[in-house]
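**Student:** coordinates only, sequence not included:
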């Protein structure tokens, strides 16, 4: 069952639960305090943790306030019982792990599709100002982008060009300075007879690189543009 948003009394209570879930194993009290209440005195931070812990237990089990077996507190370490909680993050990572290139292509593609559908945007966007969320957020975003790239490659092989294009454009929406993705998409467009769109995409790439990084497209991207403009077979660019 999902915990309804109304169950959380305070933002910090929900963040404590999320922190412990993402930690994957029980965390020492001092580490929890430093992550969630770094600006409080030690006494105030401990008091805040005690209140938040009680509120988390109540949110998970409103009738009895005991956490319903979801939580563990052992020798000063706070955690969530892994077998009692399933998160979107775990489902996402499980599907990526299942997308083994050594398996049948259909199975790999299906797992990648589920993984991409499971990712619903940046982790805890409402907690973007929390330092402890940054590394995990960027790690998951990187996995999602890699998943989209694998999907695009598979869809091109299968001739599902429109889907491949959508995956690559989603990567560029997230990271508009990824020059290798512009090249891949330019190739997809050119090979499907949409040469003018491929040339326009190069100009979009150049504008994005100037805006984001203050650089010009590299020689490989420029050579691809020239080959497409001259209607020459450009060869598949590297990444």
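**Tutor:** Done, it's in. Here the structure is a predicted model, which means the values were calculated and not measured.
**Student:** how far out from the middle of the chain is the longest helix seen in the chain?
**Tutor:** If you go by DSSP state H, the chain has its longest helix at helix 131-158. In terms of C-alpha atoms, centre = their mean, to the nearest Å, the centre of helix 131-158 is set 6 Å apart from its chain centre.
**Student:** kindly report the same for stretch 74-87.
**Tutor:** 23 Å.
**Student:** could you list the buried residues of that stretch?
**Tutor:** 78-80 (16 or more other C-beta atoms under 10 Å). For glycine as for every other residue, the C-beta is placed from the backbone atoms N, C-alpha and C.
**Student:** and the most centrally placed residue in the chain, what pLDDT?
**Tutor:** By C-alpha atoms, centre = their mean, the mean C-alpha position of the chain lies nearest to residue 141, the distance being 2.6 Å. Looking at residue 141, its pLDDT reads 97.
**Student:** and what of residue 79?
**Tutor:** pLDDT at residue 79 comes out at 96.
**Student:** burial of residue 27, as a residue count?
**Tutor:** Neighbour count for residue 27, taken as other C-beta atoms under 10 Å: 19.
**Student:** coming back round to it: who are the packing partners of the helix or strand following the longest helix of the chain?
**Tutor:** Using DSSP states H and E, the helix or strand that follows helix 131-158 in sequence is helix 161-174. Contact here means 3 or more C-beta pairs under 8 Å, 6 or more residues apart in numbering; DSSP states H and E; on that basis helix 161-174 packs against helix 131-158, helix 179-191.
**Student:** out of the ones you listed, deepest packed?
**Tutor:** By mean neighbour count, with neighbours taken as mean count of other C-beta atoms under 10 Å, helix 179-191 ranks first of the helices and strands packed on helix 161-174 at a mean of 22.
**Student:** wait, what's in contact with residue 53?
**Tutor:** By C-beta atoms under 8 Å, 6 or more residues apart in numbering, the residues touching residue 53 are 16, 71, 73, 78.
**Student:** please redo it, this time with the cut-off set to 7 Å
**Tutor:** Going by C-beta atoms under 7 Å, 6 or more residues apart in numbering, residue 53 touches residue 78.
**Student:** can you confirm it is in a helix?
**Tutor:** Yes - under DSSP: H, G, I helix; E, B strand; the rest coil, residue 53 falls within a helix.
**Student:** just to revisit the earlier point, list the contacts for the residue nearest to the centre of the chain?
**Tutor:** Residue 141 neighbours (C-beta under 7 Å, 6+ apart): 122, 174.
**Student:** re earlier: distance to residue 222 for the helices and strands packed on helix 161-174 - can I get that in TSV?
**Tutor:** Output for those, formatted as TSV (distance: least, C-beta to C-beta, whole Å):
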stretch	distance to residue 222
helix 131-158	22
helix 179-191	10
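**Student:** show me where the protein has strands.
**Tutor:** 27-28, 71-74, 77-80 (DSSP state E).
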